[in-house]
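Q: got a predicted structure plus its sequence, pasted below:
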Amino acid sequence: MDLGDAVKVDFLCGVAQHLDPGTVFGQFRDAVARSGRKMILNLCNPVTADWGLGTKPEQNAGYNYVWGPTTGDSWRTDTDIAFGTAYPGEFQYVMRNMDDNAAHPEANGPGHWNDPDYLLPMRQVQPGNGTGYELNEEESTTQFVMWAEMASPLVIGSDPRTLPQSMVDTLRNPEIIAVDQDRLGIQGVRVDTTTGGDVYSKVLSGRGQ
C-alpha cells in the first residue's frame with residue numbers, strides 16, 4: 001500500500017513568533033489537504049515549561065493532545081528524549097517521556113497517535129561525550145517494548161547499519177510489533193503504581209493471543 005510521504009513539522013521557530021501551535025499546525029494540515037498528495041503528518045511541539053521560555057500552557061507539549069487528534073496523524077507528547085549528539089545516561093528521559101505520554105490515552109486511536117519521541121536503540125556515544133552507548137541493549141529493548149505497549153509510532157532514530165544483529169532482531173520481533181500495531185489502536189494505560197514501578201495494561205483485539 002502506498003502511504004505517500006511522511007512530513008514532520010517542528011514548532012520551535014513558532015515560539016519566537018509567539019504563535020499558537022494548534023492554530024499554525026491546523027493551517028499546515030489544511031495546506032497538506034489542498035495539495036492532493038497523501039502524506040503522514042507528524043506534528044512536533046517539544047516545548048515544555050522546563051525550557052524556561054515563558055511559554056503559555058497551551059504552547060507546551062503537554063497540551064498537544066487537545067488539537068492533535070483533529071490535526072495530524074501523530075503529535076509529540078513531550079520534549080526530546082535526546083538530541084543529535086549521543087550522550088550516556090539518557091534512559092531517565094525515556095522513562096520521563098513514557099510517564100508524560102500516559103497522561104491522555106483517550107487521545108490515541110487508529111489514525112491519530114500520541115508520540116513520545118523516537119526510538120534510540122544503541123546509539124554510540126560520540127568521542128568527547130564518554131564511552132559506550134546512549135542506551136544499552138537492555139534499555140533499548142525496554143524502550144521498544146514500552147512504546148509498543150502504548151501503541152506509539154515506532155520511528156528509529158539510530159543508524160540501523162551500526163546496530164548489532166541481536167538489536168536488529170529485537171526491532172523486527174513480530175510479537176512486539178503486533179502489540180504496537182494491533183488494529184484497535186488502544187494505548188496501554190497505567191493501572192497501578194508502587195515504589196517498585198508501574199504496571200500497564202493494554203487491550204488487544206482477537207481472543208487473547
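A: Sure, I can see it. Values in this document were obtained by computation on a predicted structure and should not be read as measured data. Numbering: from 1, shown residues only.

Q: dig out what His112 forms beta bridges with.
A: With DSSP bridges applied, His112 shows beta-bridge pairing to Gly109.

Q: quick one: it and Trp67 touch, right?
A: No. Between His112 and Trp67 there is no contact under Cβ atoms under 8 Å: 10.8 Å. (Glycine included, C-beta is placed from N, CA and C.)

Q: more crowded one of the two?
A: Counted by other Cβ atoms under 10 Å, His112 and Trp67 do not tie: Trp67 has more neighbours, with 21 against 17.

Q: and the more buried one, that's in a helix?
A: Yes. Counting by DSSP: H, G, I helix; E, B strand; the rest coil, Trp67 is found in a helix.

Q: quick one, what contacts the closest residue to it other than its chain neighbours?
A: Leaving aside its chain neighbours, Trp67 sits nearest to Gly22 (3.4 Å; criterion: Cβ to Cβ, 6 or more residues apart in numbering). By Cβ atoms under 8 Å, 6 or more residues apart in numbering, the contact list for Gly22 reads Glu58, Tyr63, Val66, Trp67, Thr71.

Q: pull out the buried members of these.
A: Tyr63, Trp67, Thr71 (16 or more other Cβ atoms under 10 Å).

Q: go through those and say which is closest to Thr131.
A: Nearest to Thr131 among the buried ones among the contacts of Gly22 is Tyr63, at 38.6 Å by Cβ to Cβ.

Q: now the closest one: closest residue in space that isn't a chain neighbour?
A: The shortest distance from Tyr63 to any non-neighbouring residue, by Cβ to Cβ, 6+ apart, is to Pro57 (5.9 Å).

Q: report pLDDT for that neighbour.
A: On the pLDDT scale, Pro57 is placed at 91.

Q: residue boundaries of the strands in this protein?
A: 5-10, 39-44, 74-76, 113-115, 189-194, 197-201 (DSSP state E).

Q: how far away is Glu149 from Asp192?
A: Separation of Glu149 from Asp192 (Cβ to Cβ, to the nearest Å): 14 Å.

Q: more neighbours, those two?
A: Set Glu149 next to Asp192 and count neighbours by other Cβ under 10 Å: Glu149 wins out with 18 against 9.

Q: from Gln27, how far off is the more buried one?
A: Taken as Cβ to Cβ, the span from Glu149 to Gln27 is 34 Å.

Q: flag every buried residue along the top helix by length along the chain.
A: Longest helix in the chain by number of residues, with DSSP state H as the criterion: helix 21-35. For helix 21-35, the neighbour count (16+ other Cβ under 10 Å) marks Pro21, Gly22, Val24, Phe25, Gly26, Arg29, Val32 as buried.
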